[in-house]
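**Student:** test case, fold it:
(chains A and B)
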Amino acid sequence: MIRLSAITRVFHMGDQEVRALNGITVDIASGEYVSIMGPSGSGKSTLLNVIGLLDRPDSGRYELDGIDVTTLSEPEQAQVRRNKIGFVFQAFHLVPRLTAAENIELPLILEGLAPAERKSRVDAALDAFDLRDRARHRPAELSGGQRQRVAIARATILRPTALLADEPTGNLDHRTGAEVMALLEGLHHAGTSLIVVTHDRELGARAHRHIAMRDGEIVADEK
Amino acid sequence: MNLRDTLILSFSTVASYRTRSLLIVLAMALGVAAVVVLTALGDGARRYVVGQFSSLGTNLVIVLPGRAETSGGFPGAALGQTPRDLTLEDARFIGHLPQVRRLAPLNVGVAELTAGGLLREVTVLGSTSELLPIRHMKLSQGSFLANGSERSAQIVLGSQLAHEFFPDGKVIGQRIRLGDSRFLVSGVLAVQGESMGFNSDEIAIIPIDYAQELFNTSTLFRILVEARSRNDIEPAKAAIHHALKLRHDGEDDVTVITQDAVLVTFDRILRALTLGVAGIAAISLAVAGILVMNVMLVAVAQRTSEIGLLKAIGAPAADIRRLFFAEALWLSLAGGAIGYALGHFGAWMIRLAYPVLPAWPPAWASVAGVATALATGIIASLLPAARAARLDPVLALSGK
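**Tutor:** Residues are numbered from 1 along each chain as shown, chains lettered A, B, ... in the order given. All right, here's what the predicted structure looks like:
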């Protein structure tokens, strides 16, 4: 359960003050499928970063599963990020020198799991995301769709409660984008909350709840 | 992230940036190798010189004619002239001092040696039977100017000379001509090699009286004195000064040096020299450290997006810091190990090229070289590692 109350995030650009989030209050229940839409600079990515604990709000309260996570220390926030949140990025963000399997394994290494446990989980993920024959390939040797599948496998390997996707199909062609969305929606059906930030109206419309933003504020929240 | 995974992940990173890593390792290795080789040279030179002096003898006091320091006492001082030479009488007088166990007067010159139709110029030492124990010389055959027989025409040959003149090995009892005099070979020195500028294998030793006659002189080149014990060295030195001053009408016109003083001085100078060259070599290690820091800073800049990703998937700042720290550790470790091996190989090459020089790298230098490489690499990684750990994940993900 995500509960944001009067969240503000202000950026200073020279003398100018940009209120990227201006008193956002929103609740997202466990297992929801939410799209966040809005024009460039509306604050949708900043909101996703705050939800994902990549960015700290300047004021307001953020509760994740009943815990005020804004007061947590840096290592505690890192642990919450590791165990409860999975990120999927437009640019995939795979480590270029690691193979697909090694990229998927990264969160398990950070969590300190034993090598045998890691191997069995990575093997299961490779099968689940149809990457078995690409396991030893590096990102440069993978197609866009395969890269995003590796990124999704990595984001979900520690079974997070919320999956945050920032323009997940932005770098993919229409058909591959649809495949990736089907994959993400499959994870949502399995019980994971899915929050997708997108420009794409068609993509946004697939969600069960639609949040529209403008100038750092929520201007519409429809189911 | 546990330690094992940190080390494995950082190692794979270092290995994947092959050229960059090799260059850093090379810089580190050359720094460590320079420390090892230069200290091996310095310490080798020290051991060579100390060894040379030690081979002179034990508890040795050397008496030279003339004063070592400049004085205005007599007009010839500036030209190196002495008011009075050392004589055999002086030597006998010193021999009665209680602190003196034994002494050997010494004359040195060059003369032609002829035997069996062969001829060559040799360095001739004139002395007494006491020279053998004082100079720690050993015989391979025969006897050494047997006591009380200094006046008989005996000659002892160095092993090389003996071999050249009498290749069949029958040396003892052979007649030989030195200058205009005939000598009977009484002994052959064991192989000893070079010592203090003399190759003992190519010298001939004759009784002191014959040497003075041969070189037409009544003076001595040196008197080698062996004190009764290590504690008697300084008293012996003082007593010799005093005795010779009495004999030389109150003039203190001899120089008495002790082997210990020379040894200590050379040891101190060469130790300082070794430390000096080690210090100079260590500067190259510091430069390598700066290179490590520079390259690591560039790596942080190049891998900003990757650091952002690691943070996004839940790596705390401490893990990021440790990863970069471990990378520097691997690079320094590899540099230190390769440098250690290179240094020892270099020292081995020097020993191969100059067998007389015991160019063994001192253990302290090898340890200090590798430890300095590790410390330099680790210190150099602190700033880049801290910078990486501090990166804002949102900005880092966008590569800023």
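**Student:** which residues are in contact with the nearest residue to A:Arg136 once chain neighbours are set aside?
**Tutor:** The spatially closest residue to A:Arg136, leaving aside those adjacent along the chain, is A:Thr99, at 5.1 Å (CB to CB, 6 or more residues apart in numbering or on different chains). Every C-beta, even on glycine, is put in place using the N, C-alpha and C of the backbone. By CB atoms under 8 Å, 6 or more residues apart in numbering or on different chains, the contact list for A:Thr99 reads A:135-138.
**Student:** pLDDT averaged over stretch B:130-146, what's the number?
**Tutor:** Within the predicted structure, the mean pLDDT of stretch B:130-146 is 83.
**Student:** which parts of chain A sit against chain B?
**Tutor:** Taking CB under 8 Å from any CB of the partner chain as the contact definition, chain A meets chain B at A:49, A:52, A:54-55, A:74-75, A:78-79, A:81-83, A:87, A:89, A:93, A:95, A:97-98, A:106-107, A:109-112, A:154-155, A:158.
**Student:** nearest residue to residue 27 other than its sequence neighbours?
**Tutor:** Picking chain A for this. Taking CB to CB, 6+ apart, and ignoring the residues beside it in sequence, A:Asp27 has A:Arg3 as its nearest neighbour in space, at 5.0 Å.
**Student:** that's the wrong chain, I wanted chain B
**Tutor:** Per CB to CB, 6+ apart, closest to B:Ala27 is B:Ala288, 4.1 Å.
**Student:** for A:Asn83, helix, strand, or coil?
**Tutor:** Put simply, A:Asn83 is helix when judged by DSSP: H, G, I helix; E, B strand; the rest coil.
**Student:** distance of the residue nearest to it when sequence neighbours are not counted from A:Val122?
**Tutor:** Leaving aside its sequence neighbours, A:Asn83 sits nearest to A:Leu158 (CB to CB, 6+ apart; 6.0 Å). Noted for A:Leu158: a distance of 12 Å to A:Val122, by CB to CB, to the nearest Å.
**Student:** these two: who's more crowded?
**Tutor:** A side-by-side neighbour count of A:Leu158 and A:Val122, using other CB atoms under 10 Å in any protein chain shown, places A:Val122 first with 22 against 19.
**Student:** surely the more buried one forms part of a helix?
**Tutor:** Yes: following the definition three-state DSSP, A:Val122 is counted among the residues of a helix.
**Student:** touching, it and A:Pro107? I think so.
**Tutor:** No: look at A:Val122 against A:Pro107 with CB atoms under 8 Å: they stay out of range, at 10.4 Å.
**Student:** between the two, what contacts are shared?
**Tutor:** With CB under 8 Å, 6+ apart, A:Val122 and A:Pro107 have common neighbours A:Ile157.
**Student:** so can I have JSON lines of the contacts of A:Thr99 showing neighbour count and secondary structure?
**Tutor:** Written out in JSON lines, the entries for these read as follows (neighbours: other CB atoms under 10 Å in any protein chain shown; DSSP: H, G, I helix; E, B strand; the rest coil):
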{"residue": "A:Ala135", "neighbour count": "16", "secondary structure": "coil"}
{"residue": "A:Arg136", "neighbour count": "10", "secondary structure": "coil"}
{"residue": "A:His137", "neighbour count": "15", "secondary structure": "coil"}
{"residue": "A:Arg138", "neighbour count": "17", "secondary structure": "coil"}
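**Student:** just the element for B:Val256, please.
**Tutor:** Assigned by DSSP states H and E, B:Val256 belongs to strand B:254-258.
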